[in-house]
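# Sequence plus predicted model, see below.
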Amino acid sequence: MDFKKDLVSTILPFWLKCIDYDNGGIFTCADREGNIYGTDKSVWFQGRALWSFSKAYNLIDQNPEYLKACRAIYDFLPKCTDTDGRMFFTVTADGRELQKRRYYFSETFAAIGCAQFYKATGDKAVLESAEKYFDIAYKCFRGEIKNQPKINPANNPCKALSPVMIMLSTAQEMRSLDGKYDKYNPIVQECLDEILHGGFLKENALFESVSTSGEFVDTPNGRIVNPGHSLEAAWFVMSEGLLSGNDEAIALAKKIIDITLPMGIDPKHGGIIAFTDVSGKPPVQLEWDMKLWWPQCEAMIALRMAHDIFGEDKYLDAYNALKKLCEECFIDAQCGEWYGYLHYDNTPSTTLKGNIFKGPFHIPRFYMIMSAMDDGDVMKYFNV
């Protein structure tokens, strides 16, 4: 992979074709060739695409087409926002509500998208939007805005890793804005402490769900490990250690990688599987042994960062093995971009390139971080 070249010549151009300049926003239901097969819009990906094009503009290539796309997406965000300030999960092509979920990830992704777009434009209204979406997400995170729980907390008091991970990375992004360090750094530290000391990290795994007091829950869901999430969390934590000089965070991020890889790597065909049960019992997720695009990206980021910091060949060897698999099985050399979903034997389960959950985010982010590492300055990625 030539990360910088491929990003600007293949990956981002594929998604530029999906910008809806008639209604605003971006479509992500794209087939193998990039043709739109469905016009429902993922609100997650309005923010994520805004971030991807803005970050690429700020870090890689000041292509005016990126800003044109960003403006079309940014102007569409109000249509994705309900009267209570919360965002929808999916909308129609012209921005009418389809679904509104309890999750506040639409707001976190809108916040980071606006933050990067503000850096590209200096538009104060965009900065205000970034802070507005973050504040709503954080109120949901803290429970100040009440949302219907997924599981009755009276009968199963538990907490999940993913909201803490996403809030950590969102607060890191917001903290990088000029003059905003003091506002957002305490939230970064709050989330970092929760990941490392809130009970999710045990000796044998970083768990997706634990009791509200941080105890292991011996149930099918309590035993589940999502290797992609664990490795993504590892590099979030490792990057915070680098940014703040926190040696404990760096050491514990290394631990997360070391305990996750043996569970996550398919020893027969290679690649990172979707889920595993830490006790070796049958995973409840039927797609548990599939290979999805994003865990490969997150694993490679974590592994290359670990090799750069610790210099151990095992990380570079694992990185190179995943890179080879992605080049052979995920990347579509004929039509561009990546397949999203492989069977256990690494054959594509579908040829689509995008849907409500797959669009321009994990892959562009991976290419941008790798580009920064190729240039010998990974910290530039985190500071831009």
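Sure thing, it's come through.

# burial measure for Arg365, as a count.
For Arg365, the count of nearby residues is 21 (other Cβ atoms under 10 Å). (Each C-beta comes from the backbone N, C-alpha and C, glycine too.)

# so who does Phe14 touch?
By Cβ atoms under 8 Å, 6 or more residues apart in numbering, the contact set of Phe14 is 30, 34, 336-337, 353.

# Determine which two of these are furthest apart.
Ala30 and Gly336 (10.4 Å; Cβ to Cβ).

# Show me which of those two is the more surrounded one.
The residue with more neighbours, out of Ala30 and Gly336, is Ala30; 23 against 19, by other Cβ under 10 Å.

# I'd say the more buried one and Tyr37 touch.
Yes. Between Ala30 and Tyr37 there is a contact under Cβ atoms under 8 Å: 7.2 Å.

# Residues that sit against both of these two, list them.
Counting by Cβ under 8 Å, 6+ apart, the common neighbours of Ala30 and Tyr37 are Leu352.

# Least confident of the contacts of Phe14?
Here the lowest pLDDT out of the contacts of Phe14 sits on Gly336, with 94.

# Quick one: classify that residue as helix, strand or coil.
Under DSSP: H, G, I helix; E, B strand; the rest coil, Gly336 falls in the coil class.

# Next one: it from Glu97, what distance?
32 Å (Cβ to Cβ, to the nearest Å).

# for Lys132, same thing?
Distance from Lys132 to Glu97, by Cβ to Cβ: 19 Å.

# if we can go back for a sec, can you lay out the contacts of Phe14 as a markdown table showing distance to Leu12?
Listed next are these as a markdown table, based on distance: Cβ to Cβ, whole Å:
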| residue | distance to Leu12 |
| --- | --- |
| Ala30 | 13 |
| Gly34 | 12 |
| Gly336 | 10 |
| Glu337 | 10 |
| Lys353 | 13 |
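
# From the residues you listed, pick the one nearest Leu243.
Among the contacts of Phe14, Glu337 lies closest to Leu243 (Cβ to Cβ), at 30.7 Å.

# where's that closest one relative to Pro360, distance?
To Pro360, Glu337 is 9 Å away according to Cβ to Cβ.

# same question, Ser279
37 Å.

# Counting neighbours, go ahead and name the busier of those two.
Neighbours per residue (other Cβ under 10 Å) separate Ser279 from Pro360, with Pro360 holding more: 26 against 11.

# Assumed that one was part of a helix.
No. Assigned with three-state DSSP, Pro360 falls outside any helix and is coil.

# if I look at it, how far off is Ile60?
As judged by Cβ to Cβ, Pro360 and Ile60 stand 13 Å apart.

# Quick check: end-to-end length of stretch 269-289?
Stretch 269-289 has an end-to-end distance of 11 Å (Cα to Cα, to the nearest Å).

# With stretch 76-86 instead?
Start-to-end span of stretch 76-86 (Cα to Cα) is 15 Å.

# try stretch 11-30
13 Å.

# Which positions in it come out as buried?
Neighbour-count burial for stretch 11-30 flags 11-12, 14-16, 18-20, 23-30 (criterion: 16 or more other Cβ atoms under 10 Å).

# Backbone torsions only: list them for Ile26.
phi -130, psi 140 (degrees, to the nearest 10).

# what's across from it in the sheet?
Ile19 (DSSP bridges).

# quick one: contacts for it?
With contact set as Cβ under 8 Å, 6+ apart, Ile26 has these partners: 15, 18-20, 41, 45-46, 49, 69, 72-73, 359-360.

# which ones are touching the closest residue to Lys281 other than its chain neighbours?
Closest residue in space to Lys281, ignoring its immediate chain neighbours: Arg223 at 6.5 Å, by Cβ to Cβ, 6 or more residues apart in numbering. When the contact criterion is Cβ under 8 Å, 6+ apart, the partners of Arg223 are 217, 277-279, 281.

# next one: Cys70
Neighbours of Cys70 in contact, by Cβ under 8 Å, 6+ apart: 50, 53-54, 57, 117, 120.

# List the ones among those that fall in helices.
Secondary structure from DSSP state H places 50, 53-54, 57, 117, 120 of the contacts of Cys70 in helices.

# Any regions of the stretch 151-300 of the chain where pLDDT drops low?
Applying pLDDT under 70 to the stretch 151-300 of the chain flags no residue at all.

# Would you map the helices across the stretch 151-300 of the chain?
Along the stretch 151-300 of the chain, the stretches classed as helices by DSSP state H, counting those that start in this stretch are 161-175, 181-197, 227-244, 247-264, 293-310.

# got CSV for these, with distance to Tyr104 too?
CSV is the format used below for those (distance: least, Cβ to Cβ, whole Å):
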stretch, distance to Tyr104
helix 161-175, 8
helix 181-197, 14
helix 227-244, 17
helix 247-264, 25
helix 293-310, 20
